[in-house]
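J.: Have a look; sequence and predicted model below, questions after that.
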Amino acid sequence: MSVTDIAAADLADSVRSVRETEPLVQHLTNTVTINDVANLTLHWGGLPVMADSVGDAGEMAELARAVLINIGQVPDGRVEAMHEAGRTANDRGIPVVLDPVGVGSTPSREAVAESLLSGVDFTVIKGNYGEISALAGVEADVKGVESIGDYEEIEATARSVAESTGATVVASGGTDVVADADGAVRLAAGHEMLGEVVGTGCMLGATVATFCGALEDAREAAVHGTLAFGLAGERAADLEYAGPGSYRTNFRDAVYGITGDAVADPVDDALEDRIDEVR
């Protein structure tokens, strides 16, 4: 797939594949956003399961089509379960997505991320600009779980992480970046209100994992999942909202409404205008 040649029909096919496949997506995630993550997976057409205890995590990974590991909270038992699920998924050849929430903010999170990267092969790594920069070992400004500051070289940084890990990398920000060892692309889709809702980064990770569970090509899943997420953010803003609370509801409804036919709407037909390839 040449990402610069993406048309609405390609994205529509991916959305249809998710809804037809109904992939079981196992989430080992934080309790702050667990309900949003589960609901968004369901709204895309996947089947969410939140198995994050030792024993159950590995057993559920035997059944899943994709596994999402989110380090938003890192108690010892959950970290052990993350390794268990990740190794089981690797043995089965199913995709594993890492969301390194807050990495770069504390040594404990850095240690957890390093242990996971050394023990599990990840298909996709999804983080904000600061988190991806921290994984690359370049200067990053992460406060709590939020990325602040300027990241002028984020495309090169994301590609560096992709080259060192073998994963496709999604760096989320004002303009999202998807990179692998062959290059990077900028994706212009989304709305500023997404930044006013806690957990949209976790929901993007769930979206990418759900697309990975239905599509064979990791880069395609990352690009199409990120694009679909951004389009949902735009459509949510087209509906009436009074603030972040009502926008959050609109967003979940917009995801539910993004079917293959809806994506093929002429308003989104020129998706190539939203994509800028960076060599």
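T.: Arrived safely, thanks for sending. Numbers count the residues shown, from 1 in each chain.

J.: contacts, neighbours, all on C-alpha from now
T.: Fine.

J.: May I ask you to confirm that Ala85 is in contact with Val67?
T.: Yes. Using CA atoms under 8 Å, Ala85 is in contact with Val67, at 7.5 Å.

J.: which residues do those two both contact?
T.: Ala61 (CA atoms under 8 Å, 6 or more residues apart in numbering).

J.: Residue nearest the middle of the protein, spatially speaking?
T.: Gly205 (2.5 Å; CA atoms, centre = their mean).

J.: what does the average pLDDT come to for whichever strand or helix holds it?
T.: Per DSSP states H and E, Gly205 falls inside helix 200-214. Computed over helix 200-214, the mean pLDDT rounds to 98.

J.: and the helix or strand hosting Ser133, how far out from the chain's middle?
T.: Using DSSP H and E, Ser133 maps to helix 129-136. Computed by CA atoms, centre = their mean, to the nearest Å, the chain-centroid distance of helix 129-136 equals 15 Å.

J.: Residues touching the helix holding Gly205, excluding its own?
T.: Contacts of helix 200-214 (CA under 8 Å, 6+ apart): 14-15, 17-18, 21-25, 27, 33, 36-37, 40-41, 44, 46, 65-68, 70, 94-99, 126-128, 172, 194, 218, 221-222, 224-226, 229.

J.: Not counting sequence-adjacent ones, nearest residue to Tyr247?
T.: If the residues on either side of it in the chain are set aside, Tyr247 comes closest to Tyr241, at 5.4 Å by CA to CA, 6 or more residues apart in numbering.

J.: Leu215 now?
T.: Per CA to CA, 6+ apart, closest to Leu215 is Ala221, 6.0 Å.

J.: likewise Val198?
T.: Closest to Val198 by CA to CA, 6+ apart is Thr33, at 7.9 Å.

J.: for the one you found, what are its contacts?
T.: Contacts of Thr33 were listed using CA under 8 Å, 6+ apart, and they are Val198, Gly199, Cys202.

J.: Now list the buried members of those residues.
T.: The neighbour-count test (16 or more other CA atoms under 10 Å) marks Gly199, Cys202 as buried among the contacts of Thr33.

J.: could I get the contacts of Thr33 as a markdown table with distance to Glu155?
T.: Output for the contacts of Thr33, formatted as a markdown table (distance: CA to CA, whole Å):
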| residue | distance to Glu155 |
| --- | --- |
| Val198 | 25 |
| Gly199 | 23 |
| Cys202 | 21 |
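
J.: Please enumerate the helices of this structure.
T.: Ranges of helices in the chain, per DSSP state H, are 8-21, 34-44, 56-61, 76-92, 107-119, 129-136, 154-165, 200-214, 218-238, 244-257, 260-263.

J.: List just the one of these that sits closest to Gly183.
T.: Taking CA to CA, helix 154-165 is the member of those nearest to Gly183, at 6.6 Å.

J.: Now the closest one: buried residues?
T.: Ile154, Glu155, Ala156, Thr157, Ala158, Arg159, Ser160, Val161, Ala162, Glu163, Thr165.

J.: And stretch 48-67, by the same measure?
T.: Within stretch 48-67, judged by 16+ other CA under 10 Å, the buried ones are 48-54, 57-58, 60-61, 64-67.

J.: Could you list the residues in contact with that stretch?
T.: So stretch 48-67 is contacted by 23-29, 38-39, 41-42, 77-78, 80-82, 84-86, 88-89, 92, 94-97, 209-210, 212-214 (CA under 8 Å, 6+ apart).

J.: Done for today, thanks.
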